[in-house]
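Chemist: Any chance you could fold what I've pasted below:
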Amino acid sequence: RQQQEQRRQQQEQRRQQQEQRTPDVHIPVRVSLRQLYLGELLDVSYLRQVVCVEASSCQKNSKDCQGPGIKVRMQQLAPGFVQQVQVADASCVARGKAWKTNCKACPQGMTEEDEIQLTVDVQAGMKHGDTVKFEQVADEAVGHIPGDLVFVVNQIPHPHFERRGDDLHIHFPITLLESLVGFSKVIEHLDGHKVEIKRTDVTHCEQVISIKGEGMPKKGGRSGKEGRGDLVVTLSIDFPKKFTEAQKKLIKQAMSA
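Modeler: Model (predicted):
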C-alpha cells in the first residue's frame, strides 16, 4: 500500500509539473460611464515574452531535470544514507531536458519580445470590476502553459451621474418658484438623448423622481426599456438668499389667497 501511495504522489507531482503555467496578467482598463452605457471595442497593443522559435535546438538531455525549473539531486544525510531532494533550477525546461547556455540559435535567451494586437470588447452594461479574458495570451516560458491576459474594467467617475447597480442617480436643482408651481425640465443623458422630468404640483426638498428604463443597460438583458435600470432624479431646491420687502408682501398675498 505504501508503494502505491508513493506511486500516486509521483504521478500527481508529474501532472502538476506538466501543467505549470506562467502567471496571469491583470491590466486595468479605464473607461467612462458613457462607454459602459453604449459599449465599445477598444484596440490595444500588448508586449509579451514568447518562446524562442529555435528553442528546441537549445535543449540538451539532463536526467536530473524533473520538470520546468525543477532538478533532483542526491543529498547525503549520514554515512550510507542518501535522500533524493528537489531543488529549483532555472536551466531545467522540461522533464529530462535542460537549456544550453549561450546557445547561438536563441541569442536573447529562452524568450524574446513580441507585440500582439487585441480587441477588448467592453459590452454595454458592464460594471466596474468586470473582466475581459484572453486565455493563454500572457508571457510564454519553455515547458509552461501561458497564463491568461485579463483586462479589468475600471470606471472613471462621472461629474453628474452616479451608477448604483443598473440604476443611474443624478441630483437636479430647481428654483423655489418651480418647487411651488411645477416645472418641466430636460436632462441630457449619457448618449445625448433628452429625458423630460415634469411636475405640476408642489415639490419637496430632496424629492425623488424615478424614470423606468432610463438607467444603465443590463448586461445580457433584454433590449428596450425592460433591459435597463431606472434613472433616479433627486430634486434639490435653490432657495433665494433674501427677499425684498415688496417680494415678501407679494408672497404673503399669494399664500393667503
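Chemist: hey, which helix or strand in this structure has the poorest pLDDT?
Modeler: helix 2-18 (a mean of 57; mean pLDDT, DSSP states H and E).
Chemist: need the helices for the stretch 151-257 of the chain, in chain order.
Modeler: According to DSSP state H, counting those that start in this stretch, the stretch 151-257 of the chain carries its helices in the segments 176-181, 245-256.
Chemist: for the stretch 101-250 of the chain, what spans make up the strands?
Modeler: 111-122, 131-134, 149-155, 162-164, 167-175, 183-188, 194-199, 207-211, 231-238 (DSSP state E, counting those that start in this stretch).
Chemist: Which of those strands sits closest to residue 96?
Modeler: strand 111-122 (20.9 Å; CB to CB). Every residue, glycine included, has its C-beta placed from N, CA and C.
Chemist: Which residues outside the closest one are in contact with it?
Modeler: 29, 31, 35-36, 39-52, 106, 132, 134, 137, 139-142, 149, 151, 153 (CB atoms under 8 Å, 6 or more residues apart in numbering).
Chemist: From those residues, list the buried ones, please.
Modeler: 29, 31, 35-36, 40, 46, 48-49, 51-52, 106, 132, 134, 137, 139-142, 149, 151, 153 (16 or more other CB atoms under 10 Å).
Chemist: Contact partners for residue 144?
Modeler: 20-22, 68.
Chemist: Now with 10 Å, please.
Modeler: Applying CB atoms under 10 Å, 6 or more residues apart in numbering to residue 144 gives the contacts 18-23, 51, 67-69, 93-94.
Chemist: swap in residue 157?
Modeler: Contacts of residue 157 (CB under 10 Å, 6+ apart): 32-33, 128, 163.
Chemist: okay, those residues in JSON lines with pLDDT next?
Modeler: Formatted as JSON lines, the contacts of residue 157 follow (pLDDT from 0 to 100):
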{"residue": "32", "pLDDT": "97"}
{"residue": "33", "pLDDT": "97"}
{"residue": "128", "pLDDT": "95"}
{"residue": "163", "pLDDT": "97"}
